[in-house]
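Participant: fold the stuff below for me.
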Amino acid sequence: MINSLDKKQLKVAVLLDKDIPTDHSFVQGTLENSLSKRNCHITFIGYKSNIESSKKDNVSFIYVQKGSANFFINKFHKLITFTKKVKESGPYDVLYTRNDPVYLILAWYLKTKNIIRLHFHQISHLHAFASSKKNMIYKIKTVGDLILRKKFLKYADRALLISDEMKVFLDQKWPAFSDKYIVFPMGIEVSEFEDIIPYNQKQLDVTYIGTLAKSRRVDIIIDAVKLYNDTYGPLKLHIWGQSHDKQDDIDLKAHTKKIGAENLVTFYGKVARKEVIENIKNTKIGMAAIPNTGLLKQISPTKLMEYLAAGCCVVATKGIRDQEDIVNEAYGNGHLIDFTAEDIAKAVHSILSDPANADALSQKGREYIFKKRSYTEMASRIWSEFDVLLK
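Facilitator: Below you'll find the predicted structure:
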């Protein structure tokens with residue numbers, strides 16, 4: 001039971017800068033929807049196109065003007081404008097930031113001026129550590145990212161990591177900061193999945209939701225759908241999402257046409273989250289087949305959890321620790337597969353050919369997520385961290 005923080009209202013500032021957010025569900029579910037119900041006021045500071053104003057108690061919004069389209073100029077603009085907004089609206093007990101190392105500089109400065117007391121920095125990806133064949137500007141960006149993190153991460157009070165796998169990686173890369181790393185595995189906002197469609201009434205066969213980046217090898221999933229149709233019978237794949245690199249989307253659609261699967265796969269592009277949720281609820285099988293190579297081992301299992309909460313059965317691959325833990329805890333052992341078109345096709349057929357077992361898996365997965373991966377539980381954990389550090 002938390003006592004010391006309940007005596008006064010805690011002030012938390014949350015900085016959000018992505019124009020089109022793809023992974024802010026932790027922030028929204030844990031901070032906006034759950035933590036704000038405690039004796040805590042959450043102030044979101046970000047671009048107007050990014051954050052939607054709500055009328056929740058103890059939640060407020062401050063908008064920041066977007067900067068230049070030039071990457072480097074925009075970094076300086078972000079540093080100046082976000083710092084100004086925090087200073088004007090502060091002081092705050094906690095500053096919560098995500099990913100961008102510019103925020104580490106900003107937080108360091110604000111702490112020296114006593115405008116914030118604590119800095120919690122969430123790291124939800126490790127793209128900067130990945131080797132890349134992209135252009136020189138991208139390489140400069142990643143090198144700069146690593147330099148800034150290594151210089152300023154020591155001033156953060158906590159670095160929130162999304163998986164045990166990520167912690168193992170960073171413990172090896174940057175052991176000097178090990179005392180700051182805490183693992184907050186991704187959860188979901190279960191209230192979005194209170195009302196679902198029973199498994200036997202779902203209309204969509206298989207759905208993939210996520211990035212179409214070449215590294216995800218969505219082409220293998222499409223190969224599996226083609227193989228399924230050739231071997232077992234009719235099956236359609238529905239894909240929502242896109243890659244940051246438009247060429248990846250073009251190449252994937254070209255591959256689909258090349259193997260004769262254009263009538264078996266529908267690409268919807270990127271749509272509003274509300275539409276995504278509705279389609280997940282109407283899906284029999286959520287596709288969580290991912291290569292277990294490189295930094296993909298550390299990806300967030302958010303979509304996997306949303307599939308399960310919506311009552312989908314899931315096809316998930318071995319070798320990604322968080323994904324393995326979730327599937328094994330939800331279903332029991334024996335449900336993970338290798339990332340091959342043949343194994344994916346067989347797994348889909350195993351589910352669709354046994355409706356009674358599929359319905360049982362649907363219920364088991366849903367019950368697990370509601371009990372173990374709710375953002376309400378995550379909010380309790382982060383509140384405890386605040387309490388320890390603010391005493």
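
Participant: which residues are contacting stretch 185-202?
Facilitator: 25-26, 28-30, 33, 162-164, 277, 281-284, 300-302, 305-306, 309-313, 322, 355, 358-359, 362, 366, 369-370, 373-378 (CB atoms under 8 Å, 6 or more residues apart in numbering). The C-beta positions use only the backbone N, C-alpha and C, and glycine is treated the same way.

Participant: next: stretch 278-285.
Facilitator: 193, 195-197, 199, 202-207, 209, 238, 240, 286, 306-307, 310-315, 348, 351-352, 358.

Participant: also stretch 379-391?
Facilitator: Defining contact as CB under 8 Å, 6+ apart, one finds that stretch 379-391 is touched by 2, 4-5, 10, 30-31, 34-35, 38, 40, 93-94, 117-118, 120, 157-158, 182, 184.

Participant: tell me which residues in that stretch are buried?
Facilitator: Using 16 or more other CB atoms under 10 Å as the test for burial, stretch 379-391 gives 379, 382, 383, 385, 386.

Participant: where is pLDDT lowest across the residues you listed?
Facilitator: Minimum pLDDT across these is recorded for residue 379, with 87.

Participant: so which of the contacts of stretch 185-202 belong to strands?
Facilitator: 283, 284, 313 (DSSP state E).

Participant: neighbours of the last one, just the number please.
Facilitator: One way to gauge burial is a neighbour count; for residue 313, by other CB atoms under 10 Å, it gives 28.

Participant: so what's it bridging to?
Facilitator: residue 285 (DSSP bridges).

Participant: mean confidence score for stretch 351-365?
Facilitator: Averaging pLDDT along stretch 351-365 yields 97.

Participant: for it, what is the distance to the chain centroid?
Facilitator: Stretch 351-365 has its C-alpha centroid displaced from the chain centroid by 26 Å (CA atoms, centre = their mean, to the nearest Å).

Participant: what of stretch 277-284?
Facilitator: The chain centroid and the centroid of stretch 277-284 are separated by 18 Å under CA atoms, centre = their mean.

Participant: where does this structure have low pLDDT?
Facilitator: 1-7, 18-25, 49-54, 127-135, 137-138, 295, 297-298 (pLDDT under 70).

Participant: what ranges does it have for its helices?
Facilitator: For the chain, the helices defined by DSSP state H occupy 25-26, 71-89, 102-112, 136-152, 164-173, 218-231, 246-258, 273-281, 302-309, 321-331, 341-352, 355-372, 375-390.

Participant: for the fourth one, buried residues please.
Facilitator: Residues of helix 136-152 classed as buried by neighbour count (16+ other CB under 10 Å): 141, 142, 144, 145, 148, 149, 152.

Participant: out of those, which is nearest to residue 255?
Facilitator: The closest of the buried residues of helix 136-152 to residue 255 turns out to be residue 142 (CB to CB; 27.7 Å).

Participant: any idea how far residue 76 is from the closest residue to residue 41 other than its chain neighbours?
Facilitator: Nearest residue to residue 41, sequence neighbours excluded (CB to CB, 6 or more residues apart in numbering): residue 58, at 4.8 Å. Distance, residue 58 to residue 76, using CB to CB, to the nearest Å: 33 Å.

Participant: quick one, which of these two is more surrounded?
Facilitator: Taking neighbours as other CB under 10 Å, residue 58 and residue 76 compare with residue 58 leading, 18 against 13.

Participant: next one: that one relative to residue 294, how far apart?
Facilitator: The spacing between residue 58 and residue 294, counted by CB to CB, is 41 Å.

Participant: how far is stretch 320-327 from where the chain is centred?
Facilitator: From the chain centre to the centre of stretch 320-327 is a distance of 15 Å (CA atoms, centre = their mean).

Participant: what of stretch 242-258?
Facilitator: Per CA atoms, centre = their mean, the centroid offset for stretch 242-258 relative to its chain is 22 Å.

Participant: quick one on the thing from earlier: filter the contacts of stretch 278-285 down to the buried ones, PyMOL style.
Facilitator: The following PyMOL line selects those of the contacts of stretch 278-285 that are buried, judged by 16+ other CB under 10 Å:
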select buried, resi 193+196+197+199+202+204+205+206+207+209+238+240+286+306+307+310+311+312+313+314+315+348+351+352+358
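
Participant: tally of neighbours for the closest residue to residue 321 other than its chain neighbours?
Facilitator: Excluding its sequence neighbours, the residue lying closest to residue 321 (CB to CB, 6+ apart) is residue 165, at 4.6 Å. Residue 165 has 19 neighbouring residues, counting by other CB under 10 Å.

Participant: what does residue 198 give?
Facilitator: As a burial measure, residue 198 scores 10 neighbours (other CB under 10 Å).

Participant: measure it to residue 235 for me?
Facilitator: For residue 198 relative to residue 235 (CB to CB), the value is 21 Å.

Participant: residues contacting the residue lying closest to residue 78 once chain neighbours are set aside?
Facilitator: Nearest residue to residue 78, sequence neighbours excluded (CB to CB, 6+ apart): residue 102, at 5.6 Å. Residue 102 makes contacts with 75, 78, 79, 148, as judged by CB under 8 Å, 6+ apart.

Participant: you'd agree the third one is up against residue 106?
Facilitator: Yes: taking contact to mean CB atoms under 8 Å, the distance of 5.9 Å between residue 79 and residue 106 places them in contact.

Participant: residue 100 is in contact with residue 149, correct?
Facilitator: No: checked against CB under 8 Å, the pair residue 149 and residue 100 is beyond contact range at 10.0 Å.

Participant: ok so, going back, inside strands: which ones of the contacts of stretch 379-391?
Facilitator: Per DSSP E, the contacts of stretch 379-391 map to strands at 10, 40, 93, 94, 117, 118, 120, 158, 182.

Participant: picking up where we left off before, mutual contacts of residue 149 and residue 100, please.
Facilitator: Counting by CB under 8 Å, 6+ apart, no residue touches both residue 149 and residue 100.

Participant: for residue 9, phi and psi?
Facilitator: Note on residue 9: backbone dihedrals following degrees, to the nearest 10 are phi -80, psi 120.

Participant: would you check how far apart the nearest residue to it once chain neighbours are set aside and residue 290 are?
Facilitator: Nearest non-adjacent residue to residue 9, counting by CB to CB, 6+ apart: residue 39, 5.2 Å away. From residue 39 across to residue 290, the span is 40 Å (CB to CB).
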